[in-house]
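S.K.: Got a predicted structure here, sequence first:
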Amino acid sequence: MVGLSIKKFTVVTQVILYFIFVSHIQGQHTYIPYKKGDSVTITLLALEGVPGLTTAFGHTQFRVINHTWHRDDVIDFAGRANWEVISYMKEFFFGNLYYDIYSFPTTDVYKKNRTVDELFLKLTSKQKEQLMTILSGAFFMEEGGQYKYDYIYRNCSTLVRDVLEDVYGDLEYPKLDQDNKTFREIYRDGLKYNPWIKFFSDMILGPFSDRVATPREQMFIPVILYKYIRGAKVNGALIAEKHRILTRGKAPKPLGILEYPAVWVWFLFFLELVLAFIWIRQSNWRKWVTVYDRIWFFFAATMSVLIIALWTVSNYDYAARDNWNLLWLNPLYILLFFMPLNRSWRISKVVSGLIVLSLLVLLLGWSIIPQSFNINFLPLLLLYLVKVGKYLLPKPSASAV
């Protein structure tokens, strides 16, 4: 289940972290009681996707009603005892993040104000016993009730898939209208109420995300897993006997026009044209325009470092590998941020020229480069082209900043 001037970047980061930590349930390392022969009903709970960084794609849980013990519990694969921010981010970044398998009363599900679908599974006595052995904790004892998290290959959704495949054997999955979608298209569908998260994630994700995901790979998204499991069969028979709405939440509010990145990035581009004109014509304003430029250089430099770090030192290297966004989020901005922006200084002209060249390469190769780009990047490319390009203009009669 992804995560953006120094103060400005810090504020954005804090907002993202807020969504990470308030949207999870505090994990408790607990197991549900079970003995062979207990009368149990096992269902699958599918929580709808709602706006938020970690809630956008929904969530999947097992529900176990043990009639013998008069208990009704939910088993969740997304718990964590230590939510300390620095520790969490470090573990996530380097791919050493562990989640707990834990349980809590089903009554807590009704407090979420989210629509929850419940799918009743058809299980033989042997399958029910096998599944309960897993869900009561024995299956996870080797890792102390924890598992190493990977946002695509091992998360709360893929674990449910793997458990069901262990119990039922070879599952036959239905054909859905999204069978030929890429990972990036799946992200975008799930983030329709989170356009800014989609905007920033498209900066981080490289060509890997443009690969078509197989049906089984698509199941790392909980809401997609639920669609496949509802239609899954064994020997031609559905594994689910019925489903119902357990709770119904409020529908998400429609997004206002100012909540879409397109409005702001085009506004910033036209603002850049105005500032470039002022920079050329009004020498007394150049200092302040240059300060504003350095904020943008800092943003691009920070994003480039983040992409390169994810590519080279993180276990999530496949996500950022070969990322062509580095053509516009160029590492050369690190140099440009620190050096004097004086058009008479040859080195700054060389660096500016190389950045302009990389921007032109991306603009000209937009449709042929083997990576899909967010259309809202276009005005930002034009913004940087104007912003950096003006430093290549001939030196004016007044001294440059």
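M.R.: The structure has been received and is ready for your questions.
S.K.: What residues are bridge-paired with the nearest residue in space to Ile75 that is not next to it in sequence?
M.R.: Spatial nearest neighbour of Ile75, excluding adjacent residues (CB to CB, 6 or more residues apart in numbering): Phe62 at 4.4 Å. Heads up, the C-betas are built off the backbone N, CA and C, glycines and all. For Phe62, the beta-bridge partners under DSSP bridges are Leu44, Ile75.
S.K.: With only the CA atoms kept, save the helix or strand where Val351 lies in PDB.
M.R.: Using DSSP states H and E, Val351 falls within helix 346-364. The C-alpha coordinates for helix 346-364 follow below in PDB (Å, rounded to 0.1, in the frame of the first residue of the first chain):
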ATOM      1  CA  ARG A 346      30.600  31.200 -19.100                       C
ATOM      2  CA  ILE A 347      30.100  28.200 -16.700                       C
ATOM      3  CA  SER A 348      26.500  29.300 -15.800                       C
ATOM      4  CA  LYS A 349      25.800  29.600 -19.600                       C
ATOM      5  CA  VAL A 350      27.100  26.100 -20.300                       C
ATOM      6  CA  VAL A 351      25.000  24.600 -17.500                       C
ATOM      7  CA  SER A 352      21.900  26.600 -18.500                       C
ATOM      8  CA  GLY A 353      22.400  25.600 -22.100                       C
ATOM      9  CA  LEU A 354      22.600  21.900 -21.300                       C
ATOM     10  CA  ILE A 355      19.400  22.200 -19.300                       C
ATOM     11  CA  VAL A 356      17.600  23.900 -22.100                       C
ATOM     12  CA  LEU A 357      18.900  21.200 -24.500                       C
ATOM     13  CA  SER A 358      17.500  18.400 -22.300                       C
ATOM     14  CA  LEU A 359      14.200  20.200 -22.100                       C
ATOM     15  CA  LEU A 360      14.000  20.500 -25.900                       C
ATOM     16  CA  VAL A 361      14.900  16.800 -26.200                       C
ATOM     17  CA  LEU A 362      11.900  15.900 -24.000                       C
ATOM     18  CA  LEU A 363       9.500  18.300 -25.700                       C
ATOM     19  CA  LEU A 364      10.500  17.000 -29.200                       C
END
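S.K.: buried set for it?
M.R.: Neighbour-count burial for helix 346-364 flags 348, 351-352, 355-356, 358-359, 362 (criterion: 16 or more other CB atoms under 10 Å).
S.K.: contacting residues for the residue nearest to Ile75?
M.R.: Contacts for Phe62 were tallied using CB atoms under 8 Å, 6 or more residues apart in numbering; they are 42-45, 74-75, 135, 160, 163.
S.K.: and what of Val351?
M.R.: 332, 335-336, 339.
S.K.: how far away is it from Gly389?
M.R.: 13 Å (CB to CB, to the nearest Å).
S.K.: With Thr60 instead?
M.R.: 49 Å.
S.K.: swap in Asn96?
M.R.: Distance from Asn96 to Gly389, by CB to CB: 43 Å.
S.K.: Counting neighbours, go ahead and name the busier of these two.
M.R.: Comparing Asn96 with Gly389 by other CB atoms under 10 Å, the one with more neighbours is Gly389, at 16 against 12.
S.K.: Could you pull out the helices in the stretch 1-150 of the chain for me?
M.R.: 6-22, 85-93, 125-135 (DSSP state H, counting those that start in this stretch).
S.K.: right, I mislabeled it, should have said the stretch 251-400 of the chain
M.R.: 261-281, 286-312, 317-320, 333-338, 346-364, 377-389.
S.K.: burial count for Val291?
M.R.: Residues lying near Val291 (other CB under 10 Å) number 11.
S.K.: How about Lys36?
M.R.: So Lys36, with other CB under 10 Å, has 7 neighbours.
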